[in-house]
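Trainee: Kindly return the folded structure for what I paste below:
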Amino acid sequence: MPTHSFKLNGKQISVEAEDNVRLLWVLRDLLGVTGPKYGCALEVCKSCTSHINGKAFNPCAVPVKDIEPTDEITTIEGLPATVGQDLHPMQQAWLEYDVSQCGYCQPGQIMAAVAKVKQAHAEGHEIGDADLDELRNICRCGTYSRIREAIKAGAKDM
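Mentor: Predicted coordinates:
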């Protein structure tokens, strides 16, 4: 069986998996990283959203063979370490705005929000409604207004 190496939440790891196995299953089933959720496996719901090299991506749609040894994968479990705190500012905002109901989509929502705020900052502007309109993560509980408020609040501390 092929061995695949990459950096996961700040640590270089190696895992044996067939080349065509989606990264989501490698993370969840082989490595025990369960923050990225399975929702659709079609890159539609985005409940598995994580970061690859600092940008949002959906591991449900990426075969593990496409991950390079130099790639850095960050999941919700590794997000606080990116800022050296117990909670990332976006996670703290989620708590302050009481965003979560069932919570299933929240790791993906937070990871997408962090990537979108970083993108806005890299483009030289603060996060705005037009940026938030680009987020396509699905929340079946419908907490979108609280999600938007939390993103704007979390962005102020990033």
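Trainee: Domain ranges for this protein, per the record?
Mentor: As assigned by automatic domain parsing, the chain contains the domains 3-77, 81-156.
Trainee: Just send the ones you listed back as TSV, with mean pLDDT and mean neighbour count too.
Mentor: C-beta: built from backbone N, CA, C; applies to glycine. Formatted as TSV, these follow (pLDDT from 0 to 100; neighbours: other Cβ atoms under 10 Å):
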stretch	mean pLDDT	mean neighbour count
domain 3-77	97	18
domain 81-156	96	17
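Trainee: residues contacting the residue nearest to Asp98 when sequence neighbours are not counted?
Mentor: With Cβ to Cβ, 6 or more residues apart in numbering as the criterion, Asp98 has its nearest non-adjacent residue at 6.7 Å, and that residue is Arg146. Residues counted as contacts of Arg146 (Cβ atoms under 8 Å, 6 or more residues apart in numbering) are Tyr97, Asp98, Val99.
Trainee: Quick check: Arg146 vs Ile127, distance?
Mentor: To Ile127, Arg146 is 15 Å away according to Cβ to Cβ, to the nearest Å.
Trainee: can you check Gln91 too?
Mentor: According to Cβ to Cβ, Gln91 stands 16 Å off from Ile127.
Trainee: do the same with Gly10
Mentor: Gly10 is 25 Å from Ile127, by Cβ to Cβ.
Trainee: Show me the strands in the chain, by range?
Mentor: Taking DSSP state E, the strands of the chain run over residues 3-8, 11-16, 50-52, 55-57, 72-74.
Trainee: Please compute how far the third one lies from its chain's middle.
Mentor: The reference is to strand 50-52. 5 Å (Cα atoms, centre = their mean, to the nearest Å).
Trainee: tally of neighbours for the nearest residue to Glu18 once chain neighbours are set aside?
Mentor: Leaving aside its chain neighbours, Glu18 sits nearest to Met1 (6.4 Å; criterion: Cβ to Cβ, 6+ apart). Other residues near Met1 come to 9 when the count uses other Cβ atoms under 10 Å.
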